[in-house]
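Asker: this one's sequence-less:
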């Protein structure tokens, strides 16, 4: 009986050890990109609230200033008169009502929080940049930090991404369209998340599919080299890709 | 022609003036309660992300500590060893992996942001308390700040709430159930948002409907007095209500 207990204990320890070792650094990429997505959502919610609220005070500001960060800064740093000047209006021109500072105290706190969140998002992107560059230097040269991280996130882990075929990589993020194609026979998607890549963005519409395929080819090679800790060949891959695209 | 132009100008000015004057202070109540709701949502999103992420480092912490604020504080102020001690575990007992500070930098920033959001939420509630107490002193005595603000928000404005019958007030927030009752003949709801009120919470289940009706009666009176800037009769109303409830 004690033998069995010992065996159980030993087994438990080994399992814990295995779990511990299964945590690899690419989970940080997944968590970071998800955090950035969530921060974006938080920023949008808060911006909408601030815009709606401040519209009672100065409705004209909402329309004339589209950048949320700038709006928050204006609310925080300038008086209502200066804000009116900023958008070229006089006091009589506004339909809003002036409120006292105490009345607007919560609103300014919200605006402060919004600028904090923007800062945090920037920090997150810088963090992701370093992380992707360190873990997947080859992929980073081809895709940049954001698209690279999103590929890892969609695949689930770096290992899974490395074992995917190039055509799978090409369609990551287009799962819905792919299944619609397979089940209902609609048109096959040509790219998923890669659509955001500058090379595809700047290509002609009719070339998008072709560029996506070639890009996915190279990314697939790069990820494998990254996963098996190979040499840095990112610049070579990028050059090859650009040459191929320029040829036709 | 110039006459018409002048008339148009004058009209525009008057309209703007009217819009300006239509902004009353109860919009602050609506905006504040909405802000608090949104802050709650932001807090939940961020907490979930932090829990998921930190689980790779110390999965046992997620299970043992349910309070998000405390979790964030632990991550921020204590080392991993101290955290292990806090939940009564030894280093070997954990299935997580230790990561360096730079690796966790974004995570700690998120935890900081979470504590900020909690503070902001507290500030928002304090702000709301003052606001409701100032604008609707009578209702405030009966309902407290949060329920009172939610009633105003659901009605649309203080004016609309004041012109509602007591039975409408009783069912504010139960619109879905009410229409289900009217259309499909399911059971009629007995209360909406008032369900959260301590008087209803502490009553017997079978008395909930009765308490809600009496509470709504008194709230309806209080709101009208508040809206027409009458005297403070909140304590009288509250006493009457409590006496009535104690009688049967």
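Answerer: Received it, and whenever you're ready, just let me know what you need. Worth saying up front: this structure is predicted, and the values here are computed from it rather than measured.
Asker: For chain A, just list every one of the helices.
Answerer: Counting by DSSP state H, chain A has these helices, from start to end: A:2-22, A:26-54, A:59-64, A:68-77, A:80-86, A:105-135, A:137-155, A:158-162, A:166-171, A:175-184, A:198-202, A:208-227, A:234-247.
Asker: Mean neighbour count, those: which tops it?
Answerer: Counting by mean count of other CB atoms under 10 Å in any protein chain shown, helix A:137-155 has the highest mean neighbour count of the helices of chain A, with a mean of 23. C-beta: built from backbone N, CA, C; applies to glycine.
Asker: now it against helix A:175-184, angle please.
Answerer: 60 degrees (axes from the mean of the first three to the mean of the last three CA atoms, to 10 degrees).
Asker: circling back to that earlier point, a markdown table please, covering the helices of chain A and showing mean pLDDT and distance to residue B:239.
Answerer: Shown next, in a markdown table, are these (pLDDT from 0 to 100; distance: least, CB to CB, whole Å):
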| stretch | mean pLDDT | distance to residue B:239 |
| --- | --- | --- |
| helix A:2-22 | 84 | 62 |
| helix A:26-54 | 92 | 37 |
| helix A:59-64 | 84 | 44 |
| helix A:68-77 | 90 | 44 |
| helix A:80-86 | 83 | 45 |
| helix A:105-135 | 92 | 33 |
| helix A:137-155 | 93 | 60 |
| helix A:158-162 | 92 | 68 |
| helix A:166-171 | 92 | 70 |
| helix A:175-184 | 90 | 61 |
| helix A:198-202 | 89 | 70 |
| helix A:208-227 | 93 | 73 |
| helix A:234-247 | 89 | 78 |
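Asker: Who are the contact partners of the closest residue to residue A:165 other than its chain neighbours?
Answerer: Once flanking residues are discounted, residue A:165 sits nearest to residue A:220: 7.0 Å by CB to CB, 6 or more residues apart in numbering or on different chains. By CB atoms under 8 Å, 6 or more residues apart in numbering or on different chains, the residues touching residue A:220 are A:164, A:165, A:166, A:169.
Asker: Throw the helices of chain A into TSV and include distance to residue B:196, thanks.
Answerer: Shown next, in TSV, are those (distance: least, CB to CB, whole Å):
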stretch	distance to residue B:196
helix A:2-22	42
helix A:26-54	23
helix A:59-64	33
helix A:68-77	33
helix A:80-86	37
helix A:105-135	22
helix A:137-155	39
helix A:158-162	46
helix A:166-171	48
helix A:175-184	40
helix A:198-202	51
helix A:208-227	52
helix A:234-247	58
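Asker: ok, which residues in chain A are in contact with chain B?
Answerer: A:13, A:16, A:19-21, A:23, A:25, A:27-28, A:31-32, A:34-35, A:38, A:41-42, A:45-46, A:49, A:52-53, A:56, A:92, A:94-97, A:103, A:105-107, A:109-110, A:113, A:116-117, A:120, A:123-124, A:127 (CB under 8 Å from any CB of the partner chain).
Asker: you'd agree residue A:36 is up against residue A:121?
Answerer: Yes - counting by CB atoms under 8 Å, residue A:121 is a contact partner of residue A:36 at 6.3 Å.
Asker: Would you report the backbone torsion angles of residue A:99?
Answerer: phi -120, psi 160 (degrees, to the nearest 10).
Asker: meant to ask about residue A:97, not that
Answerer: Dihedral angles (degrees, to the nearest 10) for residue A:97: phi -120, psi 140.
Asker: Skipping adjacent residues, who's closest to residue A:74 in space?
Answerer: residue A:83 (5.5 Å).
Asker: what sits against that neighbour?
Answerer: A:58, A:61, A:74, A:75.
Asker: Touching, the second one and residue A:54? I think so.
Answerer: The reference is to residue A:61. Yes - assessed by CB under 8 Å, residue A:61 is found in contact with residue A:54 at 6.5 Å.
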